[in-house]
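> the sequence isn't on hand, but the structure is:
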């Protein structure tokens, strides 16, 4: 393994995740859904939500905080809406069921809005929006999370990172994919900085006293998107609360300060609330993809403010990262991430990941 890390082929990463989850009692089909999600995260460059999150799913399973078997159940529905009970199984399994249900409803009614309760951590929101986009739909996904965001003017963590995804199709496989936290950064990026022994930028996190910090070990709470009040952090705070309305409050799940603390050693069911939306643009004005591509291309072709850089649209950094992975034959991981994976394999007594 080189000092700058090692490359893991995508199929090997998928197989490794399935092996890990099988070792703790998760059926292969459910483990496969999780593997697809985690690989997609790292392949797209969202390392905070890929391999980095594997131990969390393992811990939730071995501690019996999360159910190892079961299926999501539709509790209530109309032609365009549904409320789903996730039965406390793997979040990606619940989310996949919900977005696929929303897509089917959108095919019939023009829109499908599905809210879930009793779910678990579902990974990158973009994975669900893209499932809808690949079928010509506008896809949206939201989830609440453990309280990490410190509201503007406060010191206490109340809301989650509460991500937002909107994915919209353009022409010839192009599209707009917004996938972002409503905090200044995902907590996983702070964890990765700590694992790599690197400082974090100011404006990401706060100490227990509410002071800004660059030390990931001192990070107690996350700043809302925008940072401090004078840089419009209250807008991120408002967006996080909006997501909470769609998820925990609308779904009847735990919400905000009622959700268990991040990596809480107390074995409580997460009972996360999640929301999945699919919209068929053909139910509205004709020519959606043409106009979407026109806007995307116009923005990409703008004169950059700085020489040597390019103007991009949401989804472009991920496309570039995927192309890089394809060129190098897999996903490049930091040496400490490879060690992290090997430690998991040793603990579970399974074959480790094969690296190039």
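Looks like it came in fine. This is a predicted model, so every value here is computed, not measured.
> from residue 298, how far out is the closest residue to residue 304 other than its chain neighbours?
The shortest distance from residue 304 to any non-neighbouring residue, by CB to CB, 6 or more residues apart in numbering, is to residue 311 (5.5 Å). The C-beta positions use only the backbone N, C-alpha and C, and glycine is treated the same way. Distance, residue 311 to residue 298, by CB to CB, to the nearest Å: 10 Å.
> residue 92 too?
According to CB to CB, residue 92 and residue 298 sit 35 Å apart.
> looking at those two, which is more packed in?
Neighbours around residue 92 and residue 298, counted as other CB atoms under 10 Å, are more numerous at residue 92. The numbers are 27 against 11.
> need the single longest helix in the chain, by residues.
Counting by DSSP state H, the longest helix found in the chain is helix 91-109.
> in that one, what counts as buried?
By neighbour count on 16 or more other CB atoms under 10 Å, the buried set for helix 91-109 is 91-103, 105-106, 109.
> how near is the residue in the chain sticking out farthest from the centre to residue 301?
For the chain, the largest distance from the centre (CA atoms, centre = their mean) belongs to residue 307, which lies 32.5 Å off. Distance, residue 307 to residue 301, by CB to CB: 16 Å.
> likewise residue 174?
Computed as CB to CB, the residue 174 to residue 301 distance reads 14 Å.
> between these two, which is the more surrounded one?
residue 174 (17 against 9).
> for the host helix or strand of residue 55, what is the average pLDDT?
Per DSSP states H and E, residue 55 falls inside helix 54-62. The average pLDDT for helix 54-62 rounds to 95.
> mind listing what's buried in that helix?
Within helix 54-62, the residues that count as buried by 16+ other CB under 10 Å are 54, 55, 57, 58, 60, 61.
> and these as CSV, adding distance to residue 333?
CSV is the format used below for the buried residues of helix 54-62 (distance: CB to CB, whole Å):
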residue, distance to residue 333
54, 12
55, 15
57, 18
58, 18
60, 23
61, 23
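> what number of residues lie near residue 328?
Around residue 328 there are 12 residues (other CB under 10 Å).
> ok, and the closest non-adjacent residue to it?
residue 7 (5.7 Å).
> and for residue 92?
Leaving aside its sequence neighbours, residue 92 sits nearest to residue 37 (CB to CB, 6+ apart; 4.3 Å).
> quick check, that neighbour in a helix?
Yes. According to DSSP: H, G, I helix; E, B strand; the rest coil, residue 37 belongs to a helix.
> that one and residue 125 touch, don't they?
No. With contact defined as CB atoms under 8 Å, residue 37 does not count as touching residue 125 (10.6 Å).
> buried ones in the least confident helix or strand in the chain by mean pLDDT?
Every helix and strand in the chain was compared by mean pLDDT, DSSP states H and E; the lowest is helix 187-195, with a mean of 87. For helix 187-195, burial by neighbour count (16+ other CB under 10 Å) applies to 187, 188, 189, 190, 191, 192, 193.
> just stretch 9-28 next, same as before
Those would be 9-10, 12-21, 23, 26, for stretch 9-28 by 16+ other CB under 10 Å.
> sort out for me which of those are in helices.
Those of the buried residues of stretch 9-28 lying in helices (DSSP H): 10, 12, 13, 14, 15, 16, 17, 18, 19, 20, 21, 23.
> closest one to residue 272 out of these, please.
Comparing these against residue 272 with CB to CB picks out residue 21 as the nearest, at 18.9 Å.
> so for residue 37 and residue 125, which residue has more residues nearby?
residue 125 (30 against 25).
> how far away is that one from residue 97?
For residue 125, the distance to residue 97 - CB to CB - is 16 Å.
> got it, and residue 136?
Relative to residue 97, and taking CB to CB, residue 136 is found at 20 Å.
> distance of the spatially most central residue of the chain relative to residue 172?
With distances taken as CA atoms, centre = their mean, residue 124 lies nearest the centre of the chain, 1.8 Å away. According to CB to CB, residue 124 stands 24 Å off from residue 172.
> same thing with residue 7?
29 Å.
> comparing these two, which shows the higher neighbour count?
residue 7 (17 against 8).
> list the contacts for that one?
328, 329, 330, 331, 332, 333, 355, 356 (CB atoms under 8 Å, 6 or more residues apart in numbering).
> where along the chain do the strands fall?
Along the chain, the stretches classed as strands by DSSP state E are 6-8, 73-77, 81-85, 111-119, 138-143, 164-169, 175-180, 205-206, 212-213, 221-222, 272-279, 331-333.
> possible to save those strands as JSON lines with distance to residue 246 and mean pLDDT?
Shown next, in JSON lines, are those (distance: least, CB to CB, whole Å; pLDDT from 0 to 100):
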{"stretch": "strand 6-8", "distance to residue 246": "35", "mean pLDDT": "96"}
{"stretch": "strand 73-77", "distance to residue 246": "16", "mean pLDDT": "98"}
{"stretch": "strand 81-85", "distance to residue 246": "12", "mean pLDDT": "99"}
{"stretch": "strand 111-119", "distance to residue 246": "7", "mean pLDDT": "98"}
{"stretch": "strand 138-143", "distance to residue 246": "5", "mean pLDDT": "98"}
{"stretch": "strand 164-169", "distance to residue 246": "10", "mean pLDDT": "98"}
{"stretch": "strand 175-180", "distance to residue 246": "15", "mean pLDDT": "98"}
{"stretch": "strand 205-206", "distance to residue 246": "25", "mean pLDDT": "93"}
{"stretch": "strand 212-213", "distance to residue 246": "30", "mean pLDDT": "91"}
{"stretch": "strand 221-222", "distance to residue 246": "20", "mean pLDDT": "94"}
{"stretch": "strand 272-279", "distance to residue 246": "4", "mean pLDDT": "98"}
{"stretch": "strand 331-333", "distance to residue 246": "32", "mean pLDDT": "97"}
